[in-house]
Structure formats: C-alpha cells, structure tokens
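S.K.: here is my input, please return the structure:
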Amino acid sequence: QVQLQESGPGLVKPSQTLSLTCTVSGGSITTSYYYWSWIRQPPGKGLEWMGAIAYDGSTYYSPSLKSHTSISRDTSKNQFSLQLSSVTPEDTAVYYCAREVDYGLGSTYDYWGQGTQVTVSS
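M.R.: Next comes the predicted model:
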C-alpha cells in the first residue's frame, strides 16, 4: 500500500517562499512509470495541477505557475518537494501530493496524500 504524506508550514507570509515535502512509503519514487504531482485546491474552487516530477527526475509545470514553481526530489529519503516563491493570499489552498500512473493510453491518480492547508497571510 502506497502512502503519501505532506508536511510543511501551515502559514506563510506574502512574498515569501512556500515549501512543502511529500514523503512516500510503500513504493519508490524512482519506479517506472510513475509521476509525482502537486495539486492544490483554493477555497471554493476546483483542483489545480501545479506540476510533477517523473520517475526519471524530469519535471513538468503548469504554464501559469512555472515562473515561480520548483519541484525537486530526494531519492535517498523517498521524498519530493514543492517550492512556490513570491506567494500571495491567492496561493492560500489545500495542497495535495499525488501519484499519477501512466498506462500508455492514459493516466490516473491512484494515490493521494490527505492534503495540508497552507494560508498566506501577514
């Protein structure tokens, strides 16, 4: 059973950098063909895919967030991380990490973390 657990501060000040880590257990983040994603849900809005890091370390970002988003990994700890710089109150959301599996003809998110609330406020 794969489990994902987000961790990081729940409160970030405007203009600072939001940093979150997802710890994965029950499976390796280097196993083909999994993609490890960050997804967020602002209050009252739908889910927004932010970006992902693939099993081979390749990274992919939402065009709207690419300029201030960075995703990295630590394979020795089986973790991947999100950094979102220059945050504003509009970045307030529940942040999820999730695993996406590529079936070749499509993909699906099969495991999710429970989500962590991040509030951007002074």
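
S.K.: could you use CA atoms for every contact and neighbour count after this?
M.R.: OK.

S.K.: next, count neighbours for the closest residue in space to residue 18 that isn't next to it in sequence.
M.R.: In space, and not counting its chain neighbours, residue 18 is closest to residue 84: 5.0 Å by Cα to Cα, 6 or more residues apart in numbering. Per other Cα atoms under 10 Å, the neighbour tally for residue 84 reads 20.

S.K.: the helix or strand of the chain with the lowest mean pLDDT packs against which elements?
M.R.: For the chain, the helix or strand with the lowest mean confidence is strand 107-112, at a mean of 94 (criterion: mean pLDDT, DSSP states H and E). Judged by 3 or more Cα pairs under 8 Å, 6 or more residues apart in numbering; DSSP states H and E, the packing partners of strand 107-112 are strand 3-7, strand 93-102.

S.K.: mind redoing it with 10 Å?
M.R.: Identification of packing neighbours for strand 107-112 by 3 or more Cα pairs under 10 Å, 6 or more residues apart in numbering; DSSP states H and E yields strand 3-7, strand 34-41, strand 93-102.

S.K.: pairing partners for the longest one, with directions?
M.R.: Going back to what we said before, that points to strand 93-102. The pairing partners recorded for strand 93-102 under DSSP bridges are strand 34-41 (antiparallel), strand 107-112 (antiparallel), strand 116-120 (antiparallel).

S.K.: skipping its backbone neighbours, what lies nearest the spatially most central residue of the chain in space?
M.R.: Nearest to the mean C-alpha position of the chain, by Cα atoms, centre = their mean, lies residue 38 at 2.1 Å. Leaving aside its sequence neighbours, residue 38 sits nearest to residue 97 (Cα to Cα, 6+ apart; 4.6 Å).
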